[in-house]
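Participant: Quick one: sequence and predicted model below, then my questions.
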Amino acid sequence: MAKKLLIRDLTLRDGQQSQFATRMNQNQVDRLLKSFNKAHFYAMEVWGGAVPDSVMRYLGEDPWARLEKVKAGVGDASKLTALSRGRNLFGYNPYPEDVIEGFNRNAIKSGIDIMRIFDALNDIDNMRSTIKYVKENGGMTDCCICYTVDPKFSTKDKIKAMFSGKKLPDNLFSIDYFVNKAIELEKAGADMISIKDMAGLINPAMSAKLISALKKAVKIPIDLHTHCTPGYGLGSVLMAMVNDVDIVDSVIMPFAGGPAAPAFELIQVFAQKLGLETNVDLAAVKEIRTELFKIRKELAKFDQYKLFPKDFDPTDKLPADVEKLFDDAIAAAKKGDTDTVTDLTQQIERYFNFPKPNEVVRMAQIPGGMYTNMLAQLQAGKIEHLLPKVMEMVPIVRLAAGVPPLVTPTSQIVGTQAVSCVINLNSGKAMYENTSVQFVNLVKGGYGHTPWPVDPAFREKISGKREEQPYDTSKHVKQVNETLDEFGGVKLAANEKEELLLELFPAVAKPFLKSKREKDFRAEQQKVQDKLDEERGKLISALEGNFLE
């Protein structure tokens, strides 16, 4: 019997979010569902992340309706996955238990089978409530460990630290760090473990070591989630495959590569050559791929690359030289020659016309989105010449904040503060003269326990307290569900699901729900008017009949 490799398709969530700013509308999603129903991926990530916010903000659509329509179309052919930030759900601050319970219960009721849970600090305490409520409601828990690397300090900073007696983190994010997190998550109730490599920083050598170590340490399935930004994605997935990973995440070809995950079609070729059975219906994937090429053209104004990959099916015969690249990559992977694996898989991606590796991200070892956000901040002030100084400042700020993994929202918090520090110094001000509320809360302990201890003196300087101050959810103020007198005295949020939208996305949900209530009110008024017109017509007909008699 062939060994299995399970595939989680990310096209409808992470794929479109990475490539097209989450702008797929419901009509575009609906066009794919019949084929996805036939494709039989193990799982499909379709919700969470930026989807609930974006579909309200930019498309005027209901995120719960999006999920329910996907479930109706896919049925039980694939397990549906959503992404959430544990206790933070979609915001910065932790939410009270009733909000966490309500969100997870309704997500599962609306069609989610697997809740993919992560915490930006890898603080497992922030994941326990979600694990509890997902399991209580019959869902599966996919617990993520955010992959990151140690800060890269300049020689000057290392010398400065040595003379000041301060210790710099060395091999903090080691194999043991990730393995110990996985063991703890398994004990906490995880049904599977995902290595969530949002920046694509896990290289093939680390992928091989980490997957191998995790397979020995825990009994539950292991999933590798990575991106292609710095050029490691496909090679790292191949190394995971030869080291017995259970599940890999991929995106169907027109939405794959670059800032997104590796292409399913290329992974399928490797699987076929390795004798791994994915059980995916390739004819159905071909239907999806054909439609995705059309949809990508429709999303052109959000497409940062506009670089279309070749239209390739895994059943197609490859040119001999390209076939050899796949074969040689597998041979190198089996020998553990990871440098060759990297080179050959990048050659394969070049042949299929995927974006080149982002060298800035590879060298800086930070997420691409974090880099572009920092550059945009500097460009807005016409001081982009300060970017090299900002890049040097990132590890310093990250260290001061407890070396958080650089994932949403900590990547934005650290990046924004690094820009602020450089601007302050350039203006002759103190480095931390301006601090964001989020940075203060991170240093204070409001988001949880950081991987590296924050210096108590620095915490006192930034937050006024030497000791860690956890966030107190008892102080959470629930959003007001106002009465809309102008629309007949109805409530802004009409049910629990809408109340959750209001709670989790207040700035976006308020105008969205108000527009929805107005449409409902106008539609009801039109019904009443139509009924009156109908009755009036009947009355006139009756009177005319009597007159004629």
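Facilitator: Yes, it's here.
Participant: for K38, what are its contacts?
Facilitator: A77, D281, A283, A284, E287 (Cβ atoms under 8 Å, 6 or more residues apart in numbering). Any C-beta I mention is one placed from the backbone N, CA and C, and that applies to glycine too.
Participant: For burial, what's the neighbour tally of the second one?
Facilitator: Think D281. Around D281 there are 16 other residues, counting by other Cβ atoms under 10 Å.
Participant: Tell me how far it lies from S194.
Facilitator: Separation of D281 from S194 (Cβ to Cβ, to the nearest Å): 24 Å.
Participant: Make sure R87 is actually in contact with E97.
Facilitator: No: here R87 lies out of contact with E97, judged by Cβ atoms under 8 Å, at a distance of 9.2 Å.
Participant: residues shared between the contacts of these two?
Facilitator: Joint contacts of R87 and E97 (Cβ under 8 Å, 6+ apart) are S129.
Participant: Pick out whichever of the two has more residues nearby.
Facilitator: Ranked by neighbour count (other Cβ under 10 Å), R87 and E97 place R87 first, with 26 against 12.
Participant: what are the ranges of the helices in the stretch 351-500 of the chain?
Facilitator: Using DSSP state H, counting those that start in this stretch, the helices found in the stretch 351-500 of the chain span residues 359-364, 368-380, 387-400, 410-426, 437-444, 456-463, 496-504.
Participant: residues of the last one that come out buried?
Facilitator: By neighbour count, with 16 or more other Cβ atoms under 10 Å as the criterion, the buried positions of helix 496-504 are K497, E498, E499, L500, L501, L502, E503, L504.
Participant: other SSEs contacting it?
Facilitator: In terms of contacts (3 or more Cβ pairs under 8 Å, 6 or more residues apart in numbering; DSSP states H and E), helix 496-504 is packed against helix 51-57, helix 63-74, helix 97-109, helix 506-548.
Participant: same question for that helix, mean pLDDT?
Facilitator: Average pLDDT, helix 496-504: 97.
Participant: And for the fifth one?
Facilitator: Helix 437-444 comes out with an average pLDDT of 95.
Participant: Find the residue ranges of the stretch 401-549 of the chain scoring beneath the pLDDT cut-off.
Facilitator: Low-confidence segments of the stretch 401-549 of the chain (pLDDT under 70): 545-549.
Participant: Tell me which helix or strand in this protein has the weakest average pLDDT.
Facilitator: None of the helices or strands of the chain scores lower by mean pLDDT, DSSP states H and E than helix 155-164, at a mean of 76.
Participant: Run the chain-centre distance for the next helix or strand after that one.
Facilitator: For helix 155-164, the following helix or strand on the C-terminal side (DSSP states H and E) is helix 175-188. With Cα atoms, centre = their mean, to the nearest Å as the basis, the distance from the averaged C-alpha position of helix 175-188 to the chain average is 21 Å.
Participant: do stretch 262-277 as well
Facilitator: Here stretch 262-277 is found 24 Å from its chain centre; the criterion is Cα atoms, centre = their mean.
Participant: So which bits of it are buried?
Facilitator: Neighbour-count burial for stretch 262-277 [16+ other Cβ under 10 Å]: P262, A263, F264, E265, L266, I267, Q268, V269, F270, A271, L274, L276.
Participant: The third one against S250, yeah?
Facilitator: Yes: look at F264 against S250 with Cβ under 8 Å: they come within range, at 4.0 Å.
Participant: what touches both of the two?
Facilitator: With Cβ under 8 Å, 6+ apart as the test, F264 and S250 both reach I7, D9, A256.
Participant: And these, which is closest to N180?
Facilitator: I7 (28.1 Å; Cβ to Cβ).
Participant: State the pLDDT value of the closest one.
Facilitator: I7 carries a pLDDT score of 98 in this model.
Participant: where does it land in three-state SS?
Facilitator: Using DSSP: H, G, I helix; E, B strand; the rest coil as the criterion, the local structure at I7 reads strand.
Participant: count of residues packed around it?
Facilitator: The tally of other residues near I7 (other Cβ under 10 Å) stands at 25.
Participant: V422 too?
Facilitator: With other Cβ under 10 Å as criterion, V422 counts 24.
Participant: can you pull out the helices in the stretch 151-300 of the chain?
Facilitator: Using DSSP H, counting those that start in this stretch, helices in the stretch 151-300 of the chain cover 155-164, 175-188, 204-217, 233-242, 264-274, 282-298.
Participant: Just the buried residues of the longest one, please?
Facilitator: Neighbour-count burial for helix 282-298, counted by 16+ other Cβ under 10 Å, picks out L282, A284, V285, K286, E287, I288, R289, E291, L292, I295, R296.
Participant: Buried residues of the helix or strand that that helix is followed by, list them for me.
Facilitator: Next along the chain after helix 282-298, taking DSSP H and E as the criterion, comes helix 320-335. Residues of helix 320-335 classed as buried: V322, L325, F326, D328, A329, I330, A332, A333 (neighbour count, 16+ other Cβ under 10 Å).
Participant: Can I get the residues you listed in JSON lines including distance to Q379?
Facilitator: Formatted as JSON lines, the buried residues of helix 320-335 follow (distance: Cβ to Cβ, whole Å):
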{"residue": "V322", "distance to Q379": "40"}
{"residue": "L325", "distance to Q379": "39"}
{"residue": "F326", "distance to Q379": "41"}
{"residue": "D328", "distance to Q379": "43"}
{"residue": "A329", "distance to Q379": "39"}
{"residue": "I330", "distance to Q379": "44"}
{"residue": "A332", "distance to Q379": "41"}
{"residue": "A333", "distance to Q379": "41"}
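Participant: Looking at the buried residues of stretch 262-277, spot the one nearest N137.
Facilitator: F264 (29.9 Å).
Participant: wait, what's in contact with that closest one?
Facilitator: Listed by Cβ under 8 Å, 6+ apart, the contact set of F264 reads I7, D9, S250, V251, I252, M253, A256, V280, V285.
Participant: And the furthest pair within those?
Facilitator: A256 and V280 (14.6 Å).
Participant: When the two are compared, which one has more neighbours?
Facilitator: Neighbour comparison, A256 and V280: the larger count goes to A256, with 29 against 22 (by other Cβ under 10 Å).
Participant: Which residue, other than its chain neighbours, is closest to that one?
Facilitator: Spatial nearest neighbour of A256, excluding adjacent residues (Cβ to Cβ, 6 or more residues apart in numbering): A263 at 3.7 Å.
Participant: returning to that earlier point: out of the buried residues of helix 320-335, which comes closest to V70?
Facilitator: F326 (33.0 Å).
Participant: was I right about the closest one contacting A271?
Facilitator: No: F326 is not in contact with A271 according to Cβ under 8 Å; the separation is 11.0 Å.
Participant: any weak-confidence spans in the stretch 251-400 of the chain?
Facilitator: Within the stretch 251-400 of the chain, no stretch has pLDDT under 70.
Participant: pretty sure G60 is touching F512, no?
Facilitator: Yes: counting by Cβ under 8 Å, G60 does reach F512; the two are 6.8 Å apart.
Participant: which ones are touching the residue nearest to I100 when sequence neighbours are not counted?
Facilitator: Computed as Cβ to Cβ, 6+ apart, the closest residue to I100 that is not its neighbour in sequence is S129, at 4.8 Å. Counting by Cβ under 8 Å, 6+ apart, S129 touches G86, R87, E97, I100, E101.
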